[in-house]
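Peer 1: need the 3D shape of this:
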Amino acid sequence: MYSHLFDELNKKKPNGVFFMPFSSVHYEAMNITQQDLVAQSQYLNIGERLEWQSEVGFCATVFLHLNPVMVFGIVPIWNGVAEAWMIADDKIRNKPYTLTKYSKRFIDIVPISLALHRLQITVRIRDKRAVSWARFLGFTEEGILRGYGPDKANYYMMRK
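Peer 2: Numbering: from 1, shown residues only. Purely as a prediction, here's the structure:
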């Protein structure tokens, strides 16, 4: 169903980087210490949630030298509107250029391919680095979701 998206995402594959369809095995192989994911894992099985999201939307894993380093997903809300999410392995979080390059590639290609007029994300307000990075990717804040996180943290609703 999404093979054309993988073809487009994989047109340029420098230095062993490639996208492929998500599998929970990819997530399980990643080392993740992000605060929000650690908090969420107390309330739900993230691997199961990602499997569900890959069934209802588009979900891809980015590999670097055969190691899964990022998982992206887009969950449709209704025609033309979707919510995106990303989980990064700690190894790639320490390589901001690579992280940003492939995130930007995903954010630029997928909404066009899926004919989206709105792509939204939520970002934990206290994570200043994530907020700044989302702005760099072209997202802008629309409002505050108070008590939104599983740990009741506040988040920004951001859109592109």
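
Peer 1: the lengthiest helix in the chain: which residues count as buried?
Peer 2: With residue count as the measure and DSSP state H as the assignment, the chain has helix 96-113 as its longest helix. Burial within helix 96-113, assessed by neighbour count using 16 or more other Cβ atoms under 10 Å, is assigned to Thr98, Leu99, Tyr102, Ser103, Arg105, Phe106, Ile107, Val110, Pro111, Ser113. Heads up, the C-betas are built off the backbone N, CA and C, glycines and all.

Peer 1: got it, and stretch 11-28?
Peer 2: Going by 16+ other Cβ under 10 Å, stretch 11-28 has these buried residues: Val17, Phe18, Phe19, Phe22, Ser23, Ser24, His26, Tyr27.

Peer 1: farthest-separated two in these?
Peer 2: When the buried residues of stretch 11-28 are compared pair by pair using Cβ to Cβ, the farthest-apart members prove to be Val17 and Ser24, with a separation of 21.2 Å.

Peer 1: mind checking how far Gly143 is from Ser24?
Peer 2: Gly143 sits 32 Å away from Ser24, going by Cβ to Cβ, to the nearest Å.

Peer 1: ugh, wrong one, Met158
Peer 2: From Met158 over to Ser24 the distance is 27 Å, taken as Cβ to Cβ.
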